[in-house]
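# got a sequence here, can you build the structure:
(chains A, B, C and D)
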There are 4 protein chains.
Amino acid sequence: MTLKQRWQELMANQPLKRKLYGIIFGSDTRLGRMFDIVLMICIIVSILITIFDSLFTNPWIVGSLVVLEYLLTAFFTFEYLARLYCSPNPRDYVFSFFGIVDLVSILPMYLGWLLPGARFMIALRSIRLIRVFRVFKLFSFLEEGYLLMESIRQSFKKIFVFFLFVVIMVICLGTIMYAVESGQPGTQFTSIPTSIYWAIVTMTTVGYGDIIPVTAVGRFFASIVMLLGYTIVAVPTGIVSASMVSVQTRKKIRKEKLDKDELNGEK
Amino acid sequence: MTLKQRWQELMANQPLKRKLYGIIFGSDTRLGRMFDIVLMICIIVSILITIFDSLFTNPWIVGSLVVLEYLLTAFFTFEYLARLYCSPNPRDYVFSFFGIVDLVSILPMYLGWLLPGARFMIALRSIRLIRVFRVFKLFSFLEEGYLLMESIRQSFKKIFVFFLFVVIMVICLGTIMYAVESGQPGTQFTSIPTSIYWAIVTMTTVGYGDIIPVTAVGRFFASIVMLLGYTIVAVPTGIVSASMVSVQTRKKIRKEKLDKDELNGEK
Amino acid sequence: MTLKQRWQELMANQPLKRKLYGIIFGSDTRLGRMFDIVLMICIIVSILITIFDSLFTNPWIVGSLVVLEYLLTAFFTFEYLARLYCSPNPRDYVFSFFGIVDLVSILPMYLGWLLPGARFMIALRSIRLIRVFRVFKLFSFLEEGYLLMESIRQSFKKIFVFFLFVVIMVICLGTIMYAVESGQPGTQFTSIPTSIYWAIVTMTTVGYGDIIPVTAVGRFFASIVMLLGYTIVAVPTGIVSASMVSVQTRKKIRKEKLDKDELNGEK
Amino acid sequence: MTLKQRWQELMANQPLKRKLYGIIFGSDTRLGRMFDIVLMICIIVSILITIFDSLFTNPWIVGSLVVLEYLLTAFFTFEYLARLYCSPNPRDYVFSFFGIVDLVSILPMYLGWLLPGARFMIALRSIRLIRVFRVFKLFSFLEEGYLLMESIRQSFKKIFVFFLFVVIMVICLGTIMYAVESGQPGTQFTSIPTSIYWAIVTMTTVGYGDIIPVTAVGRFFASIVMLLGYTIVAVPTGIVSASMVSVQTRKKIRKEKLDKDELNGEK
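So this is what the prediction gives:
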């Protein structure tokens, strides 16, 4: 039997495939649970390495972190291939949300050899932390998450309209502020894009203080921008709150109806 | 036939007028759609020029941008005149919201020859971006926008009362802070308007950090201002949220009633 | 007839009293309206003087502003006495909200001769701007204001509990931050009150940037404080929103009930 | 009778125990009320000492503050032991919320002899201020507090999901920003943890201004982070508001049902 034949046999080995599926995708068996926990730890370790790696200068520590990162990437690569192998419909897995996230979390290391900037994409591994809910069987948390998503998805159009409005406003206000402040000596409003950046920093109430108006007119105008931002911050909050109240009410009504129908059915 | 007669004939040429109307105002025909898309691109290009124009110093680039801006303004002027010509009721168009916006977006260039500051009004062209919804037939987005407007319009009176309250508060707090901090050496609270500006920057939680209290009493007082602002930020949010819930409920009730009436009608 | 007798007669002169009452308190007659508008202008001028007075150094302008302020105070004093004289129940007026505000708005000038700091109390005159609603007959605005007040009054207890909680938290977090950062060279956390001030500045998302953590532990801890503040900012907003929804619902139910009762009465 | 026997008798002395219980735990008798008020004053004094103690350098004042702190700790220790002694079920008290807070408020002084950092735990004494509601019989405030707690507890899962999302986002955005800005001369984005700290400071709209983007790409990216944070701040607010509306509605429905049942019962 050649190596190729052995491989084909392995690939066709249904019981092994089913067992592997239980371990990797399921979390009911003891092995499945253990695999999930080991995976979670590996993900957290790999994120921590990415974050703190730039803090160390000692060559020994840097060296061992690099080795550890290679090992973790190898493990994630193996995991991805195993998922591909044992999933009943590999195509569905590849294009599912988690399939893409899993792929994205192993690519940066390989791309890092080609593109130096790609290494930072390792941070995308943190998306895999969402799996924590499945691992610890916190399904009610996931349900709440779906409710949240539903509320946000429902108010997406309103928020989009709102954003277009904010963009238009920020362009107008930034340009006006540039017209007001740009003539001053030592002004920080050196160009229109800078002024628009200032308008965003101010309207979102972040207020770094790196660009500030110095003239009386500029300050008066900035006060109006702030008070506007103050009122406008209320709009998306109102959108999401109203949507949440409505999603909650609908859920409750549906539940009450179900309870009633059950009661009627019992009679 | 003189030139004048030809012009009068053209102005009276009904089929041309109707066709032009279809192209410029409508977006159902292929030509109408294309015109809308070209217009949208011109608007975006013209906004980008206004924004980034202050970044370039190379005379060649500045020169070509100026020429491009002239061309775009010429196009917008022609478009405005065409809209005037082909609209069935030009008066209505001139005084409609978009009529004013369209006029405002071509004026700055001409006014710029007279008043140097008027050039910055070009930023007002960004208001024309609202047309994006009509171009891409995103009418449901527009409807959401109306709902938003309705909510804000409904709570306008409450927000006005709230603003008067904020203005009174900011004057009082700014003056008190001036009384507290102005005597200190190296203080940044140099005048009452500056102190009021500080009160606005603080209460809206922008917090640039250009004007900060340094005495113990000033800091204690500033803490109270912040905690007040913290609570007060809740008020407009509450206003808009409550109004949105009520607008939504009313819409739902109306819809349910319509459904019921329809059902009854069918019986 | 002595001067004293003439004065007593004047004080007892009912028709004059009634006419004066119509002018000063009412706003239905032409004279009453005019008086209100003149008063409003005087209030605004007096606030503007207080605010901008510290900006001028020219002795001529300063001098005329001082004279103007004396005249306005004399006018407000006369107005206060006239209100006292013509009101049917002077005691009620003196202890009413506007009675106190009116008194407070004339006192600072007189107290200013005794206490130098009292002059700044002139800013309290801005409270009189609330009268603007009565002057311009914007009663529906006033009604909205009462609704706002009702919502805030209703949620007062919740907000008080919330504030006590914020105070406790800010003391704990400030002290912990002092323990973490105080040992560092060049630290800005020089004392516990300063650290508590930092905690307030951070939790309210004002963020001046005058006091900032520099150690890794301090920054980690500060991040937690910010995320906490982020979540906590939601609480009073939620309180006020919920209260507004409930006030609105109650108002609507009452109105519907009234409409129904009316309908039944008509049958 | 030996000392030991006397002690045992004292411990078994039921009437004394009951009387002491009335004084320490109750607040109906004159003595019980007085004890509560004295305790409250001691707590406030002890917190004020902790806060302002770092401001004094005069050895006499520092010395007397230390003595006062010892006396207060002794008083709190005695109070804790008395509570233990007279409570009918000491075990329940020790593990109750207030039992733990009471213990924690006396430990720091003793631990301070062993661990120098433990002294700062004295700030935890401020938690005892919650007792203020019982002392002044503000039970309706406490009830509102429970309602608040209920709303927060109910939305705990949603807020947890939201926080995980924020943590993932902050890691991704911080890393991207590091990739964008780290190469610049004089950049403040010196490491990934620093960039994540920046992302938190920006997204929560605190905006200290100690770390700011300087490149055009960095500023553009920062603008997106701010606008994102702006929208995201709406989510927990929406969660808590929706939850409060639902808690309020449920309370009202329960009350209405009770009223109805009572009415039916009377018939």
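
# now do the longest helix along chain A and helix B:234-266, the angle between them.
In terms of residue count, the longest helix belonging to chain A (DSSP state H) is helix A:234-266. Interaxial angle of helix A:234-266 relative to helix B:234-266 (axes from the mean of the first three to the mean of the last three C-alpha atoms, to 10 degrees): 40 degrees.

# and helix A:234-266, what does it pack onto?
helix A:139-154, helix A:156-181, helix B:139-154, helix B:234-266, helix C:234-266, helix D:234-266 (3 or more C-beta pairs under 8 Å, 6 or more residues apart in numbering or on different chains; DSSP states H and E). Every residue, glycine included, has its C-beta placed from N, CA and C.

# buried set for that helix?
Burial within helix A:234-266, assessed by neighbour count using 16 or more other C-beta atoms under 10 Å in any protein chain shown, is assigned to A:234-249.

# quick one: residues contacting residue A:75.
With contact taken as C-beta atoms under 8 Å, 6 or more residues apart in numbering or on different chains, residue A:75 is in contact with residue A:42.

# likewise residue A:194?
Counting by C-beta under 8 Å, 6+ apart, residue A:194 has contacts A:178, A:188, A:211, D:219.

# in PyMOL, select just the buried ones from those residues.
Only the buried entries of those go into this PyMOL selection, using 16+ other C-beta under 10 Å:
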select buried, (chain A and resi 178+211) or (chain D and resi 219)
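
# out of the contacts of residue A:194, which sit inside helices?
Per DSSP H, the contacts of residue A:194 map to helices at A:178, D:219.

# quick check: which of the helices and strands packed on helix A:234-266 is nearest to residue C:92?
Closest approach to residue C:92 among these is made by helix C:234-266 (28.4 Å; C-beta to C-beta).

# about what we covered before: and the helices and strands packed on helix A:234-266 as TSV, adding distance to residue D:184?
Formatted as TSV, the helices and strands packed on helix A:234-266 follow (distance: least, C-beta to C-beta, whole Å):
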stretch	distance to residue D:184
helix A:139-154	35
helix A:156-181	23
helix B:139-154	39
helix B:234-266	38
helix C:234-266	36
helix D:234-266	33
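
# out of those, nearest to residue A:112?
helix A:139-154 (31.9 Å).

# so what touches the closest one?
Residues contacting helix A:139-154 (C-beta under 8 Å, 6+ apart): A:133-134, A:159, A:240, A:243-244, A:246-248, A:251, D:157-158, D:160-162, D:235, D:238-239.

# one more time with 6 Å
If you take C-beta atoms under 6 Å, 6 or more residues apart in numbering or on different chains as the criterion, helix A:139-154 is touched by A:133, A:243, A:244, A:247, D:157, D:158, D:161.

# look up the closest residue to the residue positioned nearest the centre of chain A, ignoring the ones flanking it.
Centroid-nearest residue in chain A: residue A:127, 5.6 Å away (criterion: C-alpha atoms, centre = their mean). Spatial nearest neighbour of residue A:127, chain neighbours left out: residue A:101 (4.9 Å); criterion: C-beta to C-beta, 6 or more residues apart in numbering or on different chains.

# try residue A:242
Closest to residue A:242 by C-beta to C-beta, 6+ apart is residue B:244, at 3.7 Å.

# report the contact partners of the one you found.
Residue B:244 touches A:238, A:242, B:151, counting by C-beta under 6 Å, 6+ apart.

# ok so, going back, and of the buried residues of helix A:234-266, the nearest to residue A:46?
Using C-beta to C-beta, the buried residues of helix A:234-266 come closest to residue A:46 at residue A:240, 33.2 Å.

# which residues touch the closest one?
Under the contact definition (C-beta under 6 Å, 6+ apart), the residues listed for residue A:240 are A:155, D:234, D:238.

# what sits against the last one?
With contact taken as C-beta under 6 Å, 6+ apart, residue D:238 is in contact with A:240, A:241, A:244.

# try 8 Å this time
Counting by C-beta under 8 Å, 6+ apart, residue D:238 has contacts A:151, A:237, A:240, A:241, A:243, A:244.

# next one: the second one
Residues in contact with residue D:234 (C-beta under 8 Å, 6+ apart) are A:236, A:237, A:239, A:240, A:241.

# again, only using 6 Å
Counted by C-beta under 6 Å, 6+ apart, residue D:234 has contacts A:236, A:237, A:240.

# residues contacting residue A:177?
Taking C-beta under 6 Å, 6+ apart as the test, what residue A:177 contacts is residue A:195.

# nope, residue A:77 is what I meant
residue A:106.

# go on, residue A:106?
Counted by C-beta under 6 Å, 6+ apart, residue A:106 has contacts A:76, A:77, A:80.

# redo the residues you listed as CSV? Include secondary structure and pLDDT.
Listed next are these as CSV, based on DSSP: H, G, I helix; E, B strand; the rest coil; pLDDT from 0 to 100:
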residue, secondary structure, pLDDT
A:76, helix, 88
A:77, helix, 89
A:80, helix, 88
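
# how close does the nearest residue to residue A:198 once chain neighbours are set aside get to chain C?
The shortest distance from residue A:198 to any residue other than its chain neighbours is 4.4 Å, reached at residue A:211 (C-beta to C-beta, 6+ apart). Per C-beta to the nearest C-beta, to the nearest Å, residue A:211 is found 13 Å from chain C.

# so residue A:211 versus residue C:92, what's the distance?
54 Å (C-beta to C-beta, to the nearest Å).

# leaving out sequence neighbours, find the closest residue to the residue of the stretch 51-200 of chain A found nearest chain D.
Proximity of the stretch 51-200 of chain A to chain D (C-beta to the nearest C-beta) peaks at residue A:123, 3.5 Å away. If the residues on either side of it in the chain are set aside, residue A:123 comes closest to residue D:175, at 3.5 Å by C-beta to C-beta, 6+ apart.

# picking that back up, so which pair among the contacts of helix A:139-154 is furthest apart in space?
A:133 and A:243 (22.8 Å).

# so what pLDDT did the residue nearest to residue A:198 get?
Note on residue A:211: pLDDT of 89.

# verify the contact between it and residue A:196 for me.
No: counting by C-beta atoms under 6 Å, residue A:211 stays clear of residue A:196, with 10.7 Å between them.

# what bits of the stretch 101-250 of chain A have low per-residue confidence?
A:115-122, A:133-140 (pLDDT under 70).

# can you list the domain ranges for chain A.
A:10-141, A:150-266 (automatic domain parsing).

# need the winner for burial among those domains.
domain A:150-266 (a mean of 20; mean count of other C-beta atoms under 10 Å in any protein chain shown).

# I'd like the distance from that one to the chain centre, please.
Put simply, domain A:150-266 sits 21 Å off its chain's centre (C-alpha atoms, centre = their mean, to the nearest Å).

# pull up the residues of the stretch 51-200 of chain A that are close to chain B.
Within the stretch 51-200 of chain A, the residues that sit near chain B (C-beta under 6 Å from any C-beta of the partner chain) are A:157, A:158, A:161, A:168, A:171, A:172, A:175, A:179, A:191, A:192, A:193.

# residue A:17 and chain D: what is the separation?
Counting by C-beta to the nearest C-beta - residue A:17 and chain D are separated by 32 Å.

# what about that residue, which helix or strand?
helix A:14-24 (DSSP states H and E).

# cool, and residue A:223?
Going by DSSP H and E, residue A:223 is part of helix A:216-232.

# follow-up on the earlier one: pick the one among the contacts of residue A:106 closest to residue D:30.
Nearest member of these to residue D:30, counting by C-beta to C-beta, is residue A:76, at 71.4 Å.

# need the three-state assignment for the closest residue in space to that closest one that isn't next to it in sequence.
Spatial nearest neighbour of residue A:76, excluding adjacent residues (C-beta to C-beta, 6+ apart): residue A:106 at 4.7 Å. What DSSP: H, G, I helix; E, B strand; the rest coil gives for residue A:106 is helix.

# quick one: residue A:106 and residue D:61, what's the gap?
From residue A:106 to residue D:61 the distance is 64 Å (C-beta to C-beta).
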